[in-house]
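Chemist: Predicted coordinates and the sequence they were generated for:
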Amino acid sequence: MTRAAAALALALVLAPACVSPRAGAAPGGGRAEPAFDASRANEWVTIRDFRYVASVAASQSLAYLGTTAGLERFDTLRDRWLAPLTAADGLPDDRVTALVADPTSGDAWIGTARGLARLVAFVDVVEPVFGPPPFRVDRLLIDPDDGSVWALVGGLWWKGAGGSPALERAAGTPPYTRLAGPAPVDEVDPARLPWTDPLWVDTPLAFGARVRLTVLDRDRRGDWYVGTWGDNGRRWRLASQSWEPLHFGLAGAAGGPLAASAAGYWFLPRAASSGPPAADVSLAPGRARIGLDGGSSAPVAVARASRDLGRWSYVVPQEVEGLPAAAAHAALAAGDTVWLATDYGVVRGVGAAWERMGSGEPARALAFDGDIVWVGGDDGLAALDRRTGGAVAGHLSGQRVSAVAATAEAVYAGTSVGLYAGRRRAPADPPAGFERVEARGASIRALAATDTLLLVASEVGVEVFDRRAGAWSPMAAGEGRAGEALALAVDPAGPIWVGTTAGLARWRPDTGEWDDWTPADGLAGVPVLHLLAEDGVVWASTPDGVSRFAWREAGR
């Protein structure tokens, strides 16, 4: 490119941000955003693989990263992430192609592969933009003096005078010298950038690997926000003159197991399948490939988030001793410890340390039971000491155990040939042996237990066993619902959640009521391969993303 073009691109990201607020703008960049755990009723949030960033914009207090899977938002004052935005929140498309932020109000103009929208920061609402056709938006610029926005849509320039959401065809080209906005990194004069390598940055996802920088913008404090192609975002701190990773979301394909504790959340990627995910019932309750993305050379990792989802980090098998690059089928967490059932056996992570537990035989299911963790595998059911990882007992040799549930009176094991129960003599006693339990389903996919019920997901649907009465319900729960049952979870607030090939379903045992949700309601996709239920919140892991559904307001 010419030196004049490079100078223009640099001017776009260095334009002054200290401008007078327009009428109606919120001083300080809009209202304070609520944390994820301050949920509103019937609120959906979807988290995906946001590693591929095509656009970046910085306002007074927020940095926006537009990715191939939606829009990320980073609170630069409090150093934490806010809820991402996707098509379910009103974006024309999940593929964000261009961004520009009003430096004062914090409003963001969001260009996508199918049109333009605006995020009004003060009310946290995505609203439509009128005028331009629903085509790809290639560039967005803003006039810092009056807030006028220029959008390059389908090869033509459109203008919203004074920040109006009703744009009109521009008579000519934009007055570039007055406008500000993000710029592609390779259009900026390298001599004006404070870091040594203008186009590349190291990534922690693989030893010695590098990712390409894409787009950059600068906030009023002088910090640079830069996107990468494959490792999310970066911030160049003016004060320290160093890079800081801005990681958010999954580090690989969605649809893998989930785990949660008071210390945070763990999200595992899912192995790629050769056929359509909805038809690949053999993956139920789901597999995760840690280490490589579907056997390719693209690294993926276990993603960990704080309880408010404001801070994220990744754990990469190639960089961590004791964590194998293997398919994972289940996950459990307690405190700062997470347990994974993988093709290379059980793996335990305590803080930053990882180690393999037990025999190393393939593991498929996990369940906590006091000081024991039950492990279902290809060769039966094993009981491991939660402190040492040593084997305590073994049962059902030769059976493939795909689901486990522990209750006060028994331990239940779901296998490829039916349901087994190991009765206890006393609530704390381990079972001495296991016997076959008669149920209609033969191939068990998931188990879940309430104080009085045992729920079994199999090829016939979801069956309910009343453990006090010792009898199965006369009519199977969920009979007639669309989709095959793949996953189960018990909400502490009472409902039972069922993940199916068609979506997410909820059953209320006290009333017998059923409700269901599909992608049209906000669910990321189908099938739902794993579930994680908390008080008033359910997480649904699908191949298209992990959806968090707050079905009632937090604290109620």
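Modeler: It's in.
Chemist: which SSE is S313 in?
Modeler: strand 312-315 (DSSP states H and E).
Chemist: Which residues does that strand contact?
Modeler: For strand 312-315, the surrounding residues in contact (Cβ atoms under 8 Å, 6 or more residues apart in numbering) are 81, 204-205, 247-249, 251, 301-306, 323, 349, 354. C-beta here means a position set from N, CA and C on the backbone, and glycine is covered the same way.
Chemist: and that strand, which strands flank it?
Modeler: strand 302-305 (antiparallel) (DSSP bridges).
Chemist: How is T177 classified with respect to secondary structure?
Modeler: Under DSSP: H, G, I helix; E, B strand; the rest coil, T177 falls in the helix class.
Chemist: That one - how many residues pack around it?
Modeler: Residues lying near T177 (other Cβ atoms under 10 Å) number 9.
Chemist: That one and A446: what is the separation?
Modeler: 62 Å (Cβ to Cβ, to the nearest Å).
Chemist: before we move on, back to that, from the contacts of strand 312-315, which ones fall inside strands?
Modeler: W81, V302, A303, R304, A305, G349, W354 (DSSP state E).
Chemist: ok, the fourth one touching Y265?
Modeler: Yes. Using Cβ atoms under 8 Å as the test, R304 is close enough to Y265 to be in contact (6.9 Å).
Chemist: between those two, who's got more neighbours?
Modeler: Taking other Cβ under 10 Å, R304 and Y265 do not tie; Y265 has more neighbours (24 against 21).
Chemist: Excluding residues flanking it in the chain, which one is nearest the more buried one?
Modeler: Leaving out its chain neighbours, the residue that sits closest to Y265 by Cβ to Cβ, 6 or more residues apart in numbering is A305, at 4.7 Å.
Chemist: M357: what's it in contact with?
Modeler: Counted by Cβ under 8 Å, 6+ apart, M357 has contacts W339, G345, V346, V347, R348, L384, G389.
Chemist: after the strand holding S313 comes which helix or strand?
Modeler: Scanning forward in sequence from strand 312-315 by DSSP H and E, the next helix or strand is strand 327-334.
Chemist: Now that following strand: average pLDDT?
Modeler: Averaging pLDDT along strand 327-334 yields 93.
Chemist: just to revisit the earlier point, the residue nearest to Y265: neighbour count?
Modeler: Neighbour tally, A305, other Cβ under 10 Å: 21.
Chemist: got a list of what it touches?
Modeler: Counting by Cβ under 8 Å, 6+ apart, A305 has contacts G264, Y265, F267, R311, W312.
Chemist: Would you confirm that I110 contacts L116?
Modeler: Yes. With contact defined as Cβ under 8 Å, I110 reaches L116; the gap is 7.0 Å.
Chemist: so what's L455 up against?
Modeler: Here L455 is in contact with L447, A448, A449, V462, E463, V464, F465, A477, L488, V490, I496 (Cβ under 8 Å, 6+ apart).
Chemist: And it, how close does it get to R78?
Modeler: For L455 relative to R78 (Cβ to Cβ), the value is 41 Å.
Chemist: same deal with L199?
Modeler: 31 Å.
Chemist: related to what we said a few turns ago, on the pLDDT front, check the residue nearest to Y265 for me.
Modeler: Per-residue pLDDT puts A305 at 96.
Chemist: what bridges to it?
Modeler: Assigned bridge partners for A305, using DSSP bridges, are Y265, W312.
Chemist: heads up, I number from 59, so please use that
Modeler: Fine by me, first position is 59 from now on; the one you just mentioned is A363.
Chemist: before we move on, back to that, nearest to G561 among the contacts of strand 370-373?
Modeler: The closest of the contacts of strand 370-373 to G561 turns out to be G307 (Cβ to Cβ; 22.0 Å).
Chemist: For the closest one, give its distance to S222.
Modeler: 33 Å.
Chemist: more neighbours, the two?
Modeler: A count of neighbours by other Cβ under 10 Å puts G307 above the other of G307 and S222, at 27 against 16.
Chemist: ok, for the more buried one, nearest residue in space, not its chain neighbours?
Modeler: In this structure, G307 finds its nearest non-sequential neighbour in F108, 3.7 Å apart by Cβ to Cβ, 6+ apart.
Chemist: Please name the bridge partners of the residue nearest to V459 when sequence neighbours are not counted.
Modeler: Closest residue to V459 apart from its sequence neighbours, by Cβ to Cβ, 6+ apart: G434 at 3.1 Å. In this entry, G434 is beta-bridged to A423, L439, by DSSP bridges.
Chemist: Please report how far G434 lies from G476.
Modeler: Counting by Cβ to Cβ - G434 and G476 are separated by 14 Å.
Chemist: Show me which of the two is the more surrounded one.
Modeler: A side-by-side neighbour count of G434 and G476, using other Cβ under 10 Å, places G434 first with 28 against 19.
Chemist: so what's the more buried one up against?
Modeler: Counting by Cβ under 8 Å, 6+ apart, G434 touches A399, A421, R422, A423, L424, V459, S460, A461, V462, A471, G472.
Chemist: okay, now the third one: neighbour count?
Modeler: With neighbours defined by other Cβ under 10 Å, the count for R422 comes to 23.
Chemist: if I look at it, how far off is S319?
Modeler: To S319, R422 is 21 Å away according to Cβ to Cβ.
Chemist: And the pLDDT for the closest residue to S474 other than its chain neighbours?
Modeler: In space, and not counting its chain neighbours, S474 is closest to R458: 4.7 Å by Cβ to Cβ, 6+ apart. pLDDT recorded at R458 is 95.
Chemist: Contact partners for R458?
Modeler: R422, G435, D436, D437, T473, S474 are the contacts of R458 under Cβ under 8 Å, 6+ apart.
Chemist: Just the closest of those residues to F492, please.
Modeler: T473 (9.8 Å).
Chemist: What's opposite the closest one in the beta bridge?
Modeler: Bridge pairing for T473 - DSSP bridges - gives V459, G476.
Chemist: Now for it, how many residues are close by?
Modeler: T473: 22 neighbours (other Cβ under 10 Å).
Chemist: Show me the shaky parts of the stretch 309-458 of the chain.
Modeler: Within the stretch 309-458 of the chain, the set of residues satisfying pLDDT under 70 comprises 329-357.
Chemist: Which pLDDT value does the model give the residue of the chain positioned farthest from its centre?
Modeler: For the chain, the largest distance from the centre (Cα atoms, centre = their mean) belongs to A229, which lies 43.0 Å off. Here, the pLDDT recorded for A229 equals 90.
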